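Engineer: Build me a model from this:
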Amino acid sequence: MSWTTRPRREGEVDGVDYHFVTREEFERLRDEGGFLEWFEVYGDLKGTPRGFVLDELAAGHDVLLEVDVQGALAVREQIPDALLVFVRAPSREEQRRRLAERGTESPEELERRLARAEAEERIAAERFDAVVVNHDVEQAVEEVAAILAQRRAGVR
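Structural biologist: Okay, here's the model as predicted:
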């Protein structure tokens, strides 16, 4: 579960959706090397705690991280055999519709996110192990699960 300094949105629960912490708490853990990856996103800090991920991997468990392209590449630097799967919307128009429908970003944040999307998709096509187009969420989950199963079986 990611840590973030952004305020909770309506309906979000600390310890379920994110660990919501103060900037000071986040910076203390960051300075202690406690994040596998972290970045400032639109003025808020977000990061993946290192200890949990490494403990789970050491126990032989898969760990699924939902991070942006920048975060995924940072994870790959520290865990070279990390499996990177980019999940994208079928079109920019559909991405805009989904984001607007979700209603979690301001109009300005939504536009910033869409402006980054093309560059992120280009990077993912070049540097990720797979790209899944999310026409239907259940189908996309099945595709990601199949990619993971292939990795476990040693198929590249």
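
Engineer: I'd guessed Ile79 sits against Val63; true?
Structural biologist: No - in this structure, Ile79 is not within contact of Val63 by CB atoms under 8 Å, at 9.4 Å. Placement of C-beta: from N, CA and C, glycine included.

Engineer: Give me the neighbour count for Ala124.
Structural biologist: For Ala124, the neighbour count with other CB atoms under 10 Å is 20.

Engineer: dump the residue contacts of it.
Structural biologist: Contact analysis of Ala124 by CB atoms under 8 Å, 6 or more residues apart in numbering lists Val69, Leu84, Phe86, Arg88, Val131.

Engineer: rerun at 6 Å
Structural biologist: Contact analysis of Ala124 by CB atoms under 6 Å, 6 or more residues apart in numbering lists Phe86, Val131.

Engineer: on that earlier part again, any shared contact partners between Ile79 and Val63?
Structural biologist: Shared contacts of Ile79 and Val63, defined by CB under 6 Å, 6+ apart, are absent.

Engineer: hang on, Gly60 in a helix?
Structural biologist: No - using DSSP: H, G, I helix; E, B strand; the rest coil, the assignment for Gly60 is coil, not a helix.

Engineer: State the phi and psi torsions of it.
Structural biologist: Here is the backbone geometry of Gly60 (degrees, to the nearest 10): phi 90, psi 10.

Engineer: swap in Pro49?
Structural biologist: Dihedral angles of Pro49 (phi, psi; degrees, to the nearest 10) stand at phi -60, psi 130.

Engineer: Domain boundaries for the chain, per the record?
Structural biologist: 1-65, 83-156 (automatic domain parsing).

Engineer: okay, how far is it across the shortest one, tip to tip?
Structural biologist: By that I understand domain 1-65. Distance between the two ends of domain 1-65: 8 Å, counting by CA to CA, to the nearest Å.

Engineer: about what we covered before: between the domains of the chain, which gets nearest to Leu73?
Structural biologist: With CB to CB as the criterion, Leu73 lies closest to domain 83-156 of the domains of the chain, at 6.6 Å.

Engineer: Centre of the chain to the closest one, how far?
Structural biologist: In terms of CA atoms, centre = their mean, to the nearest Å, the centre of domain 83-156 is set 10 Å apart from its chain centre.

Engineer: Tabulate the domains of the chain in CSV, adding columns for mean pLDDT and distance to Leu73.
Structural biologist: Listed next are those as CSV, based on pLDDT from 0 to 100; distance: least, CB to CB, whole Å:
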stretch, mean pLDDT, distance to Leu73
domain 1-65, 94, 9
domain 83-156, 91, 7
